[in-house]
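> what follows is a predicted protein model with its sequence.
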Amino acid sequence: MSESLIKDEKLRKSEGAEDGELLAAHSIPTWVDVKLGIDSSADLLEGYRDQEARAESRAWVSLLEGIVHAALIISQPAPSYLHSLIFPTSKPPVSESLQKILAAPPAPLTGFCSLIPPIGARINTTSIISQYKEAVSSLSQRLGTDKWFLGSSQPTPLDALLFAYLHCILHSPDTVRVEVTRHVNLVAWEWRVRCLVREGFAR
């Protein structure tokens, strides 16, 4: 049995294999491979031009999923009082991105106050936004005028992740959006990739 038939069989067995149905996250790479008629697992460099670029991509992924993600989270408006009453939460979730950069907890209370357990988390918003600005500037400088990030000839997983974040940021509150709009190459790159994505879905 040929490799493409094996992939086809895997796709049929995966969740949402038919057109118009949702795919589980783990099924998407296989679906893309089948649609494009390629085997992405055979490319050990994952589309990057060399091993150094592939290693560098890990650092950029960490930056995007860390400080950029954290800035995006804290920029979102808090739910309304009515929403909080209708959908109460016992404990506000703190994402992994925020946990990595949270300030140290305060010293334990003494005396009668020690009976009161600490509540919430200390988030230094000013520090996060400051690091976010540096991160966006670094992304802009590294992209330069290249067609794809890290000088790749074709889009890579890093390009997909960067597009996802830039697209969300450019549709977010001014706190994070304005910083990206100061870098023309990032805005132009997001627009170009967005047009490619739209064309892909229009086929």
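Nice, thanks for sending it over. Residues are numbered from 1 along each chain as shown.

> Q51 versus S27, what's the distance?
29 Å (Cβ to Cβ, to the nearest Å). Just so you know, the C-beta spots here come from the backbone N, C-alpha and C atoms, and that holds for glycine as well.

> between these two, which is the more surrounded one?
In terms of neighbours (other Cβ atoms under 10 Å), S27 is the more surrounded of S27 and Q51; the figures are 17 against 10.

> how much space separates that one from K35?
Distance, S27 to K35, by Cβ to Cβ: 12 Å.

> run through who's touching stretch 130-140.
Residues lying outside stretch 130-140 but in contact with it, judged by Cβ atoms under 8 Å, 6 or more residues apart in numbering, are 60, 63, 67-68, 70-71, 101, 162, 176, 179-180, 183, 185-186.

> got the CA coordinates for that stretch in PDB?
Extracted in PDB, the C-alpha atoms of stretch 130-140 (Å, rounded to 0.1, in the frame of the first residue of the first chain):
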ATOM      1  CA  SER A 130       7.400  46.900  28.800                       C
ATOM      2  CA  GLN A 131       8.700  43.400  27.900                       C
ATOM      3  CA  TYR A 132       6.000  43.100  25.300                       C
ATOM      4  CA  LYS A 133       7.200  46.300  23.500                       C
ATOM      5  CA  GLU A 134      10.700  44.900  23.400                       C
ATOM      6  CA  ALA A 135       9.500  41.600  22.100                       C
ATOM      7  CA  VAL A 136       7.500  43.300  19.200                       C
ATOM      8  CA  SER A 137      10.500  45.400  18.300                       C
ATOM      9  CA  SER A 138      12.700  42.300  18.200                       C
ATOM     10  CA  LEU A 139      10.200  40.500  16.000                       C
ATOM     11  CA  SER A 140      10.100  43.400  13.600                       C
END
